[in-house]
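>>> let's see this in three dimensions:
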Amino acid sequence: MAGNHGVSRGVSSRVSRGVSLEEARKRPASEARKGARGAGPYLVRSGSVYLFQIRVPQALGGGRGTRPLRVSLGACSQREARHLAALLAAQARLRFERMLMDKDSRDGVEEDHAGVHDDVGADLKALLKIAGMGGELRLAADIASQAVPPMSAQEQARAQAWRGLVGIGREVAKGAEGNPIITDNAGVLSSQYADRLRDTVSPLVRPEPDAAASTPSGDRTAASPLQAPPAPVQAPVPAVSSLAAPRAETDHETGQDPFEDDDNDAAGYDLDRRHVRRRASRKPKFSRMAERYLAAYSTKAGEGNKDVRIARARCELFVEVIGDHPVDTYNGTDLQAWVNFLKYWPGDNNQRNPEWTAREIIEDNQDLHLAPVAYKTLVDGYVNTVKRVIRWEMTKLEFSDPFAGVRLFYPATAAPPKPAQPLSAEKISAIFREGVAGGMLDEAMLPLLGQLTGRRLGLLVHLTGNDLREKYPGVWVAQTEGIVLLDGVWTRVPYKTQASTTFFVLHEFLHEIGFVEWAMSKGDGFLFPQLMGLHDPSKSASQYMRRLFERVGIESGKGEVFHSLRGGQIEDMRDAKVNGRDSRLQAGHAVGDDEHSQYGFMSLTEKRARELARLPLNPEIDYSPYRGLDFETLYQAKRTYGRRPK
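This is a model prediction of the structure:
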C-alpha cells in the first residue's frame, strides 16, 4: 500500500479490463514461447501446419522407444485440427484393438499347435499393418476435411421447399397462437411448396405405350417389359488433396461447371475462392511460402516476437478463407474477396469466439454489432501481409506479381485512423500530478519522459540503467542497444525504424530532479521492472497510461493519447526553431530520402545536443510534482489488485 512506501497517495490497486492477474506474474521464457494454449490432444504443430500423432501400443511392438504414427493435417484452423484429430484417434484405436484381438487369437492357436506358425512372419505382418495405418489415416483425414460442395440450383429449390413446409407445420402446431395468415391459408401454401418440391424430383423413365409396336419383331430385347434395366454407371471418385478440399467439377444435376460464367451474374469475389478452378502450377503453395517468410521475419525480429505471431495468425486466416493455392495462381479477385470477407471481421481479438470458424464469426457479425477491423489494420495488417508473403520469393521462383496494377475497394465500415490530438498544458499538468500521486514509477515518469524526449512508449519501457550516459560534458543521452536480456532470452526492443536506435537527448530537467543519476545507478537492470515482468510490456504500459489519462478526465477515443505527449515535444521543437533534421534525430524518425539529408553524422552533434538539452520548458505546464521525488521508493512499489483507495 502507499503507506508502506512513503508516497502521498495510495498505490493503484485497481486493474481494469485488459491487464489480468495472469499477466502481472513474471512468466518464464519457455512458457512465453509456447503460448497460452497448446495444439490439442493427439496434435503437434509445425508452423501453420498441424500434425496428428498417436503412439502404437506396447503389445504391438510400440512404446515410448518407438516413433509415433504421424499424419499431416495441412494448414487449417485449430478447431478443425482438433476435430480431425478426434476422428483419426478413434479410428486408430479401433484398428489397434482389432490387431490386438487378432494377435491374441493367433497366440491361442500357437499354444495348441506349437511350431505350426512362424512367429517372425506373424510379427512382420503386424508391423506391415501398422505401417499401412499411416496411409489409411491420411486418407481418412483427406476425406473428413473435404468441404461441402456448393448446392446446385435444384438443391437450393428443394431445400427452400422443405423449409417452407416445415415452417407451415410449426405455425399450425401452435394452434391459436400461430400466425393467422399462415394457418388460414395452410392448405394453399402447402400445395404450392409441395409443387415446388415435386418439380425438383426427376420423374421415372417409362417406355412409351407404343414402344413395343415400333420395335422390330426380330429384336425383342429392347421392348421386353421383363428385361432388367442396365446397371447405373458409377462415377469416378475424385482425387483428394490433403491441403485443399476438392471442388465439384460439374453440377451433378445439370452437368455444367458451377464456376463457368453461363448466365451467372455473380462477381468472382463473391464465389468461394477456396474451390474456384485455377490453372495448374508447380510453384509452392501459400502456406509453404508463409513459413519461409515468417522464418526470415523471426530471424530479424526474434523468436516469439508479437508481430511475427500476429502475421502468422493472419496468414492462417487467409488460407482458411481464400484457400491454400500455388502462389502464382492468386489474382486481384482473391485479394478483393479477402477484403470483402474482412468487412465483418471483429477488430477486437477478445470478441472473437475461439471455438468458431472464421466463417461462423463473420456470419455472426453480419449486423456489425462488433466493431470491424479499422482501415489501417485492414490495409497494413491483413492485405499487405498477404502481398508480402506471395511476393517473398517472386524473383527467385520466376513468376510475375499477381497483384500488379490491382485496385481494391475498401468497405466504408473500416474506420479511418484517428490522428493524435494535442493536449492542453492544463491536462498535461493534471497527468503529471496524478501519475506522481499514484505511487508507481511508470505512471510518474513515462509521461514526463514522453513529453521531454519525444520518443515512443515501447522504447521508453525497455530502457535500462546502462542505456543512459553522459555523451558530452553536461549533456546526458539515452540509447537502446536494440536487444535486451529478458528472462534469460535475448529479446528485440520494439523500435519501429532503425533511426529509433540512435541516442536521444535527456532534458537537463531530468538531471536536475535526480532521475538521471538514479537511473544510471541501476546498471543493466530495467528502469520499469513492474512492466517488464508482464507478458507484453509495451501493450500493458499503453493500457496503464490509458487508465491514467481516464483518471484525470481525458476521454478515450478522442485522439488524446500518450502519443500526444510525443507529438507535443515535436511541436515544441518546431516552435523553438530547432533544425528539422535534428528534431527528426531526436524523435527517432528517418532523416529523409534526399541525398543532401543523408550527408553528415546520423547522430546529434554536441552543439545540437546541448541546444535540445536546454530547450525552454513550457511555463504553463506544472513540473513541480517531480521536485524532491523519491525515485527508489517508486521503483520498489508493487501493484496490488482490488479497489484503488480514495
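>>> for stretch 552-563, measure first residue to last.
With CA to CA, to the nearest Å applied, stretch 552-563 spans 17 Å between its terminal residues.
>>> hmm, I typed the wrong one, I wanted stretch 400-416.
First-to-last residue span, stretch 400-416, CA to CA: 32 Å.
>>> for Pro411, give its distance to Asp307.
Distance, Pro411 to Asp307, by CB to CB, to the nearest Å: 25 Å. In short, each C-beta sits where N, CA and C put it, glycine included.
>>> got the phi/psi numbers for the closest residue to His511 other than its chain neighbours?
Setting aside the residues directly before and after it, His511 is nearest to Trp476 in space (CB to CB, 6 or more residues apart in numbering), at 5.8 Å. Backbone torsions of Trp476, given as degrees, to the nearest 10, read phi -100, psi 140.
>>> need the contact list for Trp476.
Applying CB atoms under 8 Å, 6 or more residues apart in numbering to Trp476 gives the contacts 468-470, 505-506, 510-511, 516, 613.
>>> hmm, 10 Å instead?
Applying CB atoms under 10 Å, 6 or more residues apart in numbering, we find Trp476 in contact with 468-470, 503, 505-508, 510-511, 515-517, 519-520, 609, 613.
>>> mind listing which of the residues you listed are in helices?
Among the contacts of Trp476, the members found in helices (DSSP state H) are 508, 510-511, 515-517, 519-520, 609, 613.
>>> from the residues you listed, keep the buried residues only.
Taking 16 or more other CB atoms under 10 Å as the criterion, what is buried in the ones in helices among the contacts of Trp476 is 508, 510-511, 515-516, 519-520, 609, 613.
>>> would you turn those into CSV with pLDDT and distance to Gln543?
Below are those laid out as CSV (pLDDT from 0 to 100; distance: CB to CB, whole Å):
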residue, pLDDT, distance to Gln543
Glu508, 92, 31
Leu510, 93, 25
His511, 92, 30
Phe515, 94, 24
Val516, 93, 27
Ala519, 92, 24
Met520, 92, 29
Ala609, 86, 33
Ala613, 88, 32
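>>> any idea which of those is closest to Arg433?
Using CB to CB, Phe515 is the member of those that lies nearest Arg433, at 17.0 Å.
>>> okay, and Ala81 sits in which element?
helix 78-112 (DSSP states H and E).
>>> helices and strands around that helix, which ones?
Contacts defined by 3 or more CB pairs under 10 Å, 6 or more residues apart in numbering; DSSP states H and E place helix 78-112 against strand 43-46, strand 49-54, strand 69-75, helix 119-144, helix 306-322.
>>> how does it look with 8 Å?
For helix 78-112, the elements it packs on are strand 43-46, strand 49-54, strand 69-75, helix 119-144, judged by 3 or more CB pairs under 8 Å, 6 or more residues apart in numbering; DSSP states H and E.
>>> got the buried residues for the third one?
Residues 69, 71, 73-75 are the ones in strand 69-75 that count as buried (16+ other CB under 10 Å).
>>> then the first one?
Taking 16+ other CB under 10 Å as the neighbour-count basis, strand 43-46 is seen to contain the buried residues Leu43.
>>> who's in contact with that strand?
Residues outside strand 43-46 that contact it (CB under 8 Å, 6+ apart): 39, 50-53, 70, 81-82, 85.
>>> ok, the nearest residue to Arg55 once chain neighbours are set aside - how many residues close by?
Distance criterion CB to CB, 6+ apart; nearest residue to Arg55, sequence neighbours excluded, is Pro68 at 4.6 Å. Around Pro68 sit 14 other residues, with neighbours defined as other CB atoms under 10 Å.
>>> residues touching Pro68, list them.
By CB under 8 Å, 6+ apart, the contact set of Pro68 is 53-56, 62.
>>> one step back: and the buried residues of strand 69-75, which is closest to Arg138?
Looking across these and measuring by CB to CB, the closest to Arg138 is Val71, at 4.9 Å.
>>> so the closest one sits right up against Leu87, yeah?
No - between Val71 and Leu87 there is no contact under CB atoms under 8 Å: 11.3 Å.
>>> Leu423: neighbour count?
For Leu423, using other CB under 10 Å, the count is 24.
>>> how close does it sit to Ser624?
18 Å.
>>> just the buried residues out of the contacts of Pro68, in PyMOL syntax.
Buried subset of the contacts of Pro68, written as a PyMOL selection, criterion 16+ other CB under 10 Å:
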select buried, resi 53+54+56+62
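>>> can you spell out the domain ranges of the chain, please?
2-13+420-636, 37-144, 153-200, 286-397 (automatic domain parsing).
>>> a markdown table for those, including distance to Arg407?
Conversion of the domains of the chain to a markdown table gives the following (distance: least, CB to CB, whole Å):
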| stretch | distance to Arg407 |
| --- | --- |
| domain 2-13+420-636 | 26 |
| domain 37-144 | 29 |
| domain 153-200 | 32 |
| domain 286-397 | 8 |
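>>> among these, which is nearest Ala280?
Of all those, domain 286-397 comes closest under CB to CB, at 8.5 Å.
>>> that closest one - what's its average pLDDT?
Averaged across domain 286-397, pLDDT comes to 89.
>>> ends of that domain, how far apart?
Using CA to CA, the end-to-end distance of domain 286-397 comes out at 13 Å.
>>> before we move on, the earlier item: lowest-confidence stretch among the domains of the chain?
domain 37-144 (a mean of 70).
>>> where do the helices of the stretch 501-646 of the chain begin and end?
508-512, 515-520, 529-532, 537-551, 562-575, 580-587, 595-598, 606-613, 631-636 (DSSP state H, counting those that start in this stretch).
>>> now the last one - C-alpha only, PDB.
Read it as helix 631-636. Extracted C-alpha coordinates of helix 631-636, given in PDB (Å, rounded to 0.1, in the frame of the first residue of the first chain):
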ATOM      1  CA  PHE A 631      12.600   7.500  -7.200                       C
ATOM      2  CA  GLU A 632      13.800   4.500  -5.300                       C
ATOM      3  CA  THR A 633      10.500   4.300  -3.300                       C
ATOM      4  CA  LEU A 634       8.500   4.500  -6.500                       C
ATOM      5  CA  TYR A 635      10.800   1.800  -8.000                       C
ATOM      6  CA  GLN A 636      10.200  -0.600  -5.200                       C
END
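>>> which positions within that helix qualify as buried?
Neighbour-count burial for helix 631-636 [16+ other CB under 10 Å]: 631, 634-635.
>>> coming back round to it: in a markdown table: the helices of the stretch 501-646 of the chain, plus distance to Ser429.
Output for the helices of the stretch 501-646 of the chain, formatted as a markdown table (distance: least, CB to CB, whole Å):
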| stretch | distance to Ser429 |
| --- | --- |
| helix 508-512 | 15 |
| helix 515-520 | 18 |
| helix 529-532 | 24 |
| helix 537-551 | 13 |
| helix 562-575 | 12 |
| helix 580-587 | 23 |
| helix 595-598 | 36 |
| helix 606-613 | 22 |
| helix 631-636 | 19 |
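>>> name the nearest residue to Ala587, sequence neighbours excluded.
Gly454 (4.3 Å).
>>> roughly how far does that neighbour sit from Phe526?
According to CB to CB, Gly454 stands 21 Å off from Phe526.
>>> ok, the two, which is more surrounded?
For Gly454 versus Phe526, the count of surrounding residues by other CB under 10 Å is larger for Gly454: 25 against 19.
>>> any idea how far the more buried one lies from Glu620?
As judged by CB to CB, Gly454 and Glu620 stand 19 Å apart.
>>> sorry, back to before: closest one to Asn350 out of the buried residues of strand 69-75, please.
Ala75 (24.5 Å).
>>> that closest one bridge partners, please.
For Ala75, the beta-bridge partners are Val49 (DSSP bridges).
>>> was I right to think it contacts Arg274?
No - if you go by CB under 8 Å, Ala75 and Arg274 don't touch, sitting 11.8 Å apart.
>>> can you list the buried residues in stretch 414-434?
414, 420, 423, 427-434.
>>> for it, give me every contacting residue.
343, 371-376, 378, 443, 447-448, 451, 548-549, 551-554, 557-561, 563-568, 571, 618, 620-623, 625-626.
>>> where exactly do the strands run in this protein?
Taking DSSP state E as the test, the strands found in the chain are 43-46, 49-54, 69-75, 468-472, 475-478, 483-486, 489-492, 504-505.
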